[in-house]
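J.: Test case, fold it:
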Amino acid sequence: MAPNDRLDQDAALLLDPGTQERADSSSTKGPWAVAEASVGTEGVQPALQGNGFTYRHDWGMRRGEWLLRLNWDLIQPGSQVFVAIGEGVPGGPPAGKFIGAARYTVHNVAPRGGGVDIWVNIEWSADIWLYVDYLVVNPPSAPPGLRTVSVTVHRHSSVALSEAEADRILADMGTILQNDDSGPDVTTPVRFVRNGAVRLLPANIPGTIQTSSDLNALLTAGSGVKIVQAIRWCGGPGDGIIGCAPVGSASVNVAAVRFTANQEGLIWVHEYGHNCGLPHRTDDPRAVMYPSVGADHNVVNAAESSAYLAGPLSISGKVMAAGGCSCGAGGLALPADVRDFVSQHWIEGVPWELASQYGEKDARLLLDWLVNEPEKHEEFLTQIVATLGYIGSEIAVQPMIDFVESARAGRAVFNARNTALLRLGDLANRSGSRAALDFLARVAGDMDLARTLAAPQASAELQAAKALQDVVAPSLDTLAAELAVSATFGLALAGTVQSQQAVEALKGNADAFATVNQAAQEAAEIAATVRAKGRQEYYRMKAEHRHHL
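T.: Numbers count the residues shown, from 1 in each chain. Sure, this is the predicted structure:
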């Protein structure tokens, strides 16, 4: 059969061997692993929907393995692309394909924003012609007026985030903005789609953001949403931070951690709001831009709607306050019961201006939760120890030290341990506790002690990573260094001559972790500010410049 001959249906019928017995490989076990999945009704298109088009591309003379990147602005990350490759007749795509002795194989097909990439292998001893047929089916077109934002999603190697999870969160972002949920809510026609595969962050970016340098490295690692294990710096050292982003940005640029599934979309769209130039809003506790997160925080006013529709913007030469209100308690109500206060998740950390208003009676209520029933309140341990530190009563010193030294493990517990070390500095600042300062100095400068404190969490992280694909557990030294860095910043906040000297000494301490030496450079500046201007002025300045990153 000549290369240009066509094999139509009638010819195929004539070639049927009829009832002759044929050998096959059905009884032979292949060298593969087996995976099985079931399809339900969700996500299934009952008929072909959207718009489809085909194209044949002449990739020229090739052999061996190739990654072929076809740039085509009609293709989106959500496009369905089907590919067939084969040996071509010289003369261009209209001349057709034929089957020869060479074997052509497609390994992967990956649509992206503005094109599709395929991995092919041509098994032949010399270069031969390659034609590729593309069938592209795009999702149904967006309704008129709906603005689409393409978002690149990154994750740290220690964090699990599948593409299906990223798509769910992005879809939730759009739902929050598009729905008219209440009288004050303004329908905002913006949707979010994933731009390509979920990418791994560069290896030089730590899984836990603890310093200004860490955050700068993360925010300059391309545009998009970047998911890390923990964030402990947003304009300064902080506690319980679940999202951080600059107010005003040239592109999508958000740092976040994994959170409760039904609220991750809110965290992402809240931080994206900062990218669009929006500050916090405290006149409505259901506002998307309210400082804390909640399942019913879905209200956008007219000004916010306009900002979301305009998208990220670049602000230069101007500092915008993080709170959108005054840097004191402006607009935020102080719950009468401190337990109600700590049972909230504050997106960019527990607000000092509120927590520091509670007193020793409130500290006793929180100590009851921390000491007698920590398992019952594990979700809020970080808020509990942070508020105890801000209150500053000496009755909390030993319980907080005991908590840091306990053998309990779990990501919420470990995050709270780091917060306890940080806020022991605030407690020492307010109470003058020598025991708190001595403990912080030991953890910051003694690597063996830090390793002992981190050992339970290191074992737990290793076990958790075994059950997940493509997730790398942080090492014992990585976790120990996190605790030591938290203690270093705790010393900086203590505000005494001795604590400032201890921080300065950590810069060149060869017996401390290298990350402590580096963090001490930034901690020394904080220590000098706290000593010169006082704790209250430091926190005022921190709140004012939180998003000028």
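
J.: Which residues lie in contact with Phe513 in this structure?
T.: Contacts for Phe513 (CB atoms under 8 Å, 6 or more residues apart in numbering) come out as Met447, Ala450, Asp477, Ala480, Ala481, Ala484, Val485. All C-beta spots, glycine's among them, are computed from the backbone N, C-alpha and C.

J.: burial count for the third one?
T.: So that's Asp477. The local packing of Asp477 (other CB atoms under 10 Å) involves 16 other residues.

J.: Tell me who's in contact with it.
T.: Arg451, Phe513.

J.: Helix or strand for it, just tell me which one.
T.: Using DSSP states H and E, Asp477 maps to helix 476-494.

J.: mean confidence for that helix?
T.: Averaged over helix 476-494, pLDDT sits at 97.

J.: and if you look at stretch 442-454?
T.: Averaging pLDDT along stretch 442-454 gives 97.

J.: Now which of the contacts of Phe513 would you call buried?
T.: Among the contacts of Phe513, those buried by neighbour count (16 or more other CB atoms under 10 Å) are Met447, Ala450, Asp477, Ala480, Ala481, Ala484, Val485.

J.: what about the spatially closest residue to Tyr104 that is not a sequence neighbour, neighbour count?
T.: Spatial nearest neighbour of Tyr104, chain neighbours left out: Ile85 (4.9 Å); criterion: CB to CB, 6 or more residues apart in numbering. For Ile85, the count of nearby residues is 21 (other CB under 10 Å).

J.: same thing with Leu161?
T.: By the criterion of other CB under 10 Å, Leu161 has 19 neighbours.

J.: Could you pull up the residues touching it?
T.: Residues in contact with Leu161 (CB under 8 Å, 6+ apart) are Val153, Arg155, Val198, Ile227, Arg258.

J.: Where does the most centrally placed residue in the chain sit: helix, strand or coil?
T.: Against the mean C-alpha coordinate of the chain, by CA atoms, centre = their mean, the closest residue is Ile227 at 1.6 Å. Here Ile227 is recorded as strand under DSSP: H, G, I helix; E, B strand; the rest coil.

J.: if I pick the closest residue to it other than its chain neighbours, what's in contact with it?
T.: Nearest non-adjacent residue to Ile227, counting by CB to CB, 6+ apart: Arg155, 4.5 Å away. The neighbours of Arg155, taking CB under 8 Å, 6+ apart as the test, are Leu161, Val198, Arg199, Leu200, Leu201, Lys226, Ile227, Val228.

J.: Pretty sure the fifth one sits against Leu218.
T.: Pointing back at Leu201 there. Yes - proximity of Leu201 to Leu218 meets the contact threshold set by CB atoms under 8 Å, at 7.4 Å.

J.: Need the overlap of contacts for these two.
T.: Residues touching both Leu201 and Leu218 comprise Lys226, Val228, with contact defined as CB under 8 Å, 6+ apart.

J.: residue boundaries of the strands in the stretch 301-450 of the chain?
T.: Secondary structure of the stretch 301-450 of the chain by DSSP state E, counting those that start in this stretch: the strands cover 345-346.

J.: those helices in it, which residues are they?
T.: Counting by DSSP state H, counting those that start in this stretch, the stretch 301-450 of the chain has helices at residues 302-310, 338-342, 352-355, 360-367, 381-391, 397-405, 411-431, 434-445, 447-466.

J.: could the contacts of Phe513 be laid out in JSON lines, adding distance to Leu146?
T.: Shown next, in JSON lines, are those (distance: CB to CB, whole Å):
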{"residue": "Met447", "distance to Leu146": "54"}
{"residue": "Ala450", "distance to Leu146": "51"}
{"residue": "Asp477", "distance to Leu146": "49"}
{"residue": "Ala480", "distance to Leu146": "49"}
{"residue": "Ala481", "distance to Leu146": "46"}
{"residue": "Ala484", "distance to Leu146": "49"}
{"residue": "Val485", "distance to Leu146": "44"}
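
J.: Could you list the low-pLDDT ranges of the stretch 1-150 of the chain?
T.: Applying pLDDT under 70 to the stretch 1-150 of the chain flags residues 1-51, 140-144.
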